[in-house]
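> Just need the structure, nothing else, for what follows:
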Amino acid sequence: MKNFNAGKNISQGSYKSFQPEFINREWQVESMDLIQLLSTADREMGRLDMYSEYVPNIDLFISMHIIKEATQSSKIEGTKTKIEEAILDKENIDSERRDDWDEVQSYIEALNSAIRKLSELPVSSRLLKDTHRILLKGVRGKHKLPGEFRASQNWIGGASIADAKFIPPVHTSISEYMSDLEQFIHNETLSFPYLLKIALIHYQFETIHPFLDGNGRIGRLLITLYLIEKGILKKPILYLSDFFERNRSLYYDNLTLVREKNDIEQWFRFFMVGVIETAKSGISTFDSILKLQKDVEHKMQSLGSRYKHGQTILNYLFERPIINAKKAKELTGLSLPSVYKILNTLEEQNILYETTGAKRGKLFLFKEYVQLFK
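Sure, this is the predicted structure:
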């Protein structure tokens with residue numbers, strides 16, 4: 001963009017903080033290759049959004065999208081929880097991996113809460129603070145002012161502020177920067193494409209770094225919340241964390257390039273490629289889900305008179321693809337022997353896979369479904 005100025009480093013005594021320029025203003029895009037990328041991204045987003053209307057029971061599948069987002073976004077921050085672990089109950093997680101598991105579960109809870117609150121709250125500092133409070137509840141960042149903007153200086157990289165890779169704006173300017181960001185989010189008088197707008201919003205949020213901890217996860221969650229609020233997506237089915245995680249070095253390099261070289265267009269290009277790849281991947285995943293659903297329902301004919309109960313279990317598995325006999329009994333109202341007959345039949349049909357190898361406390365995984373999200 002012409003004459004884009006990211007900001008400048010300002011002396012705070014013993015260090016210099018990066019003070020970004022405000023962004024609530026008119027912007028003009030002059031790069032034709034960026035406009036072409038934007039056009040492709042808009043088209044792929046539109047194709048993905050169509051699945052919100054045409055996929056029966058799409059809400060069944062959204063929970064797995066959220067679980068994948070939680071594991072990938074948390075992975076960028078250093079956690080090692082896999083999708084197969086994220087769907088387990090805490091007692092089934094090795095003790096040394098429970099801290100990571102807790103962080104992923106907090107992210108899932110925070111994301112679900114934020115999506116629900118969108119019906120009553122706009123994307124705003126208040127919504128982000130509420131979400132941040134849930135994100136850090138009871139996990140490693142619980143002492144870092146959950147739900148509050150920071151009241152001290154933070155930094156990124158380096159053992160101390162003296163050798164930091166990046167020092168965000170001084171804490172006394174946070175409220176002013178977040179006010180500007182919020183105004184930009186809701187300024188509908190600007191003739192600026194929504195996808196470029198959220199790319200700029202995400203960059204600015206990560207540059208402000210308003211919280212002591214959890215900025216990366218909140219900033220990535222912000223992308224999906226914005227797309228839903230603006231009606232670009234009807235359902236929360238697009239998350240960029242997987243793309244950012246797979247291209248982690250480029251992600252950080254491109255953010256740095258904006259701050260050091262004012263090169264916002266390269267960040268926009270990277271972001272648009274992320275939208276395109278993620279939307280295409282989402283489309284492919286939904287196509288595969290529909291095919292799997294059809295194949296599994298055909299195999300379930302072998303249940304005979306228990307088909308209806310098998311369908312109840314299957315619907316649960318599309319939301320949370322692991323189950324035990326106790327849960328199946330709760331869902332169907334059948335006796336344990338009857339439940340085990342259904343689960344054993346589904347295992348014989350290669351729909352479910354028993355994961356424990358134990359005689360008691362068996363867990364059955366809807367493995368083929370989980371693979372679609374890996």
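> In three-state terms, label Lys235 for me.
coil (DSSP: H, G, I helix; E, B strand; the rest coil).
> Grab the nearest non-local neighbour of it.
Ser52 (4.3 Å; Cβ to Cβ, 6 or more residues apart in numbering). (Glycine included, C-beta is placed from N, CA and C.)
> quick one: contacts for the one you found?
Residues in contact with Ser52 (Cβ atoms under 8 Å, 6 or more residues apart in numbering) are Ile58, Leu233, Lys234, Lys235, Ile237.
> Only the buried subset of those, as a ChimeraX command please.
If you want just the buried ones from these in ChimeraX, going by 16 or more other Cβ atoms under 10 Å, the selection is:
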select :58,233,235,237
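> Tell me the one among the contacts of Ser52 nearest to Met64.
Nearest to Met64 among the contacts of Ser52 is Ile237, at 10.5 Å by Cβ to Cβ.
> if I read this right, that closest one contacts Arg47, doesn't it?
No - between Ile237 and Arg47 there is no contact under Cβ atoms under 8 Å: 11.6 Å.
> Could you pull out the strands in this protein for me?
Counting by DSSP state E, the chain has strands at residues 7-11, 16-20, 322-323, 353-354, 364-365.
> low-scoring stretches of the stretch 101-250 of the chain, by residue?
Along the stretch 101-250 of the chain, no part satisfies pLDDT under 70.
> tell me, what residue is most central in this structure?
Glu69 (3.6 Å; Cα atoms, centre = their mean).
> Could you check the pLDDT of that one?
On pLDDT, Glu69 comes in at 94.
> which residues does it contact?
Tyr107, Leu111, Arg220, Thr224, Tyr239, Ser241, Asp242.
> 10 Å instead?
104, 107-108, 111, 217, 220-221, 224, 236, 238-242, 373 (Cβ atoms under 10 Å, 6 or more residues apart in numbering).
> Neighbour-wise, which one of the residues you listed leads?
Counting neighbours by other Cβ atoms under 10 Å, Tyr107 leads these with 32 neighbours.
> Surely that one is in contact with Glu77?
Yes - assessed by Cβ atoms under 10 Å, Tyr107 is found in contact with Glu77 at 9.5 Å.
> what touches both of the two?
By Cβ under 10 Å, 6+ apart, the residues touching both Tyr107 and Glu77 are Gly214, Arg217.
> circling back to that earlier point, which residues are in contact with both of Ile237 and Arg47?
Common neighbours of Ile237 and Arg47 (Cβ under 10 Å, 6+ apart) are Ala279, Gly282, Ile283.
> Let's have these in JSON lines, adding pLDDT.
Converted to JSON lines, the shared contacts of Ile237 and Arg47 look like this (pLDDT from 0 to 100):
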{"residue": "Ala279", "pLDDT": "97"}
{"residue": "Gly282", "pLDDT": "95"}
{"residue": "Ile283", "pLDDT": "96"}
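> out of those residues, which are buried?
Ala279, Gly282, Ile283.
> Mind checking which of those residues are in helices?
In this view, these that belong to helices under DSSP state H are Ala279, Gly282, Ile283.
> Read off the pLDDT value for the spatially closest residue to the first one that is not a sequence neighbour.
Distance criterion Cβ to Cβ, 6+ apart; nearest residue to Ala279, sequence neighbours excluded, is Glu44 at 3.8 Å. Among the per-residue scores, Glu44 shows a pLDDT of 97.
> cool, and the one 3 residues further on?
For Arg47, the model assigns a pLDDT of 96.
> That one - how many residues pack around it?
13.
> can you pull the contacts of Leu121?
Ala114, Leu127, Leu128, Asp130, Leu225, Glu229.
> Next, it: phi, psi?
phi -130, psi 140 (degrees, to the nearest 10).
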